[in-house]
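[1] would you be able to build a 3D model of this:
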Amino acid sequence: MFKRKTYQKVAVIVTNGKGQNLELSEALIKKFDSAYKKWRTFAISPTALKGATQSLVIPSLNDPEDSNPLNEAKLQEVTNQLKDFNYEIDAIFDLSSDMSATAPTLQSPLDLKSEMIFDEYDRQKRERLTYAMLTSYIASLHLSPNGYLMYTCNMGSCISPDKLQPSLTPYKDQYTGNFLELAANRVVLQNSMNLASSRSFQAYLEQSLDYSNVKGGVIYQSATVNTLFLGLADTKYNREKYSKVSPSQTFVPLEGMTTLMKMWAMGENRPENGAYVGFRFEGTKGRVVFPEYY
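    Numbers count the residues shown, from 1 in each chain. As a prediction, the model looks like this:
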């Protein structure tokens, strides 16, 4: 008996797989894999992620000795595998903003006098900007007409939500005045705003799929781009790291976070294009997580 094939939407998760990013990425994959409106997931990371329908492991992303972790050949591999998996991608998430798992211990504020200034510059470029640019590259070629694109930015090191002004890094005891981290996150924010304002009804490629014939904007007019101000998720990594330092610290439940992220990917109650969003968890109303808009 002929069985009609059911179309499933596709989400791509780009992550460094470190710190809270690892647990958040795998929780989001699990949420997309749930029976209710099940999606297929494609994960790009230095290491394989549990539960993903398909993973593209790029070890060079995690290699500080590799000055060019995404050269032309590796980008071509990304494109080829995505084409084989599903040419159009319905949602893309950049979950690479938390770099605390690899933050070096500094003896003094990181300023121009620091001997570690260029080491930190390379780290910010490799671990922060590379993932964001890879996300943008994939979106420019594969994001569907009604697609959803989300970048992430650490709440403390990105901007002050009330005034949208630069703020200090969350690692104040190690990183007071780390302007390189602020600058890197500013680049991610600017990139997000550029894509949000570069939509067009003529985005994408001609039928020949010739990448040289891109017309109109970078992404389709009906696509949505948001930046998530990411606080401390309720992960094993965060509880072990922060609970002793700050016993009253509130952690945002992963279930509530990933529920909202999947809901937005599906097009339900999405924040407006270009908006900065976050999660609010008061800890007094069960495990309910509310969206926050800035």
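[2] test my guess that F281 contacts Q249.
    No - proximity of F281 to Q249 does not meet the contact threshold set by Cβ atoms under 8 Å, at 11.5 Å. Heads up, the C-betas are built off the backbone N, CA and C, glycines and all.
[3] which of the two has more neighbours?
    F281 (21 against 13; other Cβ atoms under 10 Å).
[4] give me the spatial nearest neighbour of the more buried one, chain neighbours excluded.
    Excluding the flanking residues, the one nearest F281 by Cβ to Cβ, 6 or more residues apart in numbering is V252, at 4.5 Å.
[5] let me know how buried the one you found is, in neighbour terms.
    Neighbours of V252 using other Cβ under 10 Å come to 22.
[6] which residues does it contact?
    G231, L232, A233, D234, F279, F281, V289 (Cβ atoms under 8 Å, 6 or more residues apart in numbering).
[7] roughly how far does it sit from Q221?
    32 Å (Cβ to Cβ, to the nearest Å).
[8] Q76 should be in a strand, yeah?
    No - counting by DSSP: H, G, I helix; E, B strand; the rest coil, Q76 falls outside a strand, being helix.
[9] next, count neighbours for it.
    Count around Q76 with other Cβ under 10 Å applied: 10.
[10] tell me the pLDDT of it.
    At Q76, the model reports a pLDDT of 92.
[11] and N21, by the same measure?
    pLDDT, N21: 92.
[12] how many neighbours does it have?
    26.
[13] make residue 1 into 7 and carry on from there
    Renumbered: residue one is now 7, and that last one reads N27.
[14] quick one, phi psi at it?
    When read as degrees, to the nearest 10, the backbone of N27 gives phi -60, psi -40.
[15] what about it, distance to S66?
    For N27, the distance to S66 - Cβ to Cβ - is 18 Å.
[16] again, but for G153
    27 Å.
[17] out of these two, which sits in the more crowded spot?
    G153 (24 against 16).
[18] name the element that one belongs to?
    Assigned by DSSP states H and E, G153 falls within strand 149-160.
[19] direction included, what does that strand pair against?
    Strand 149-160 pairs in its sheet with strand 95-101 (parallel), strand 230-236 (parallel), by DSSP bridges.
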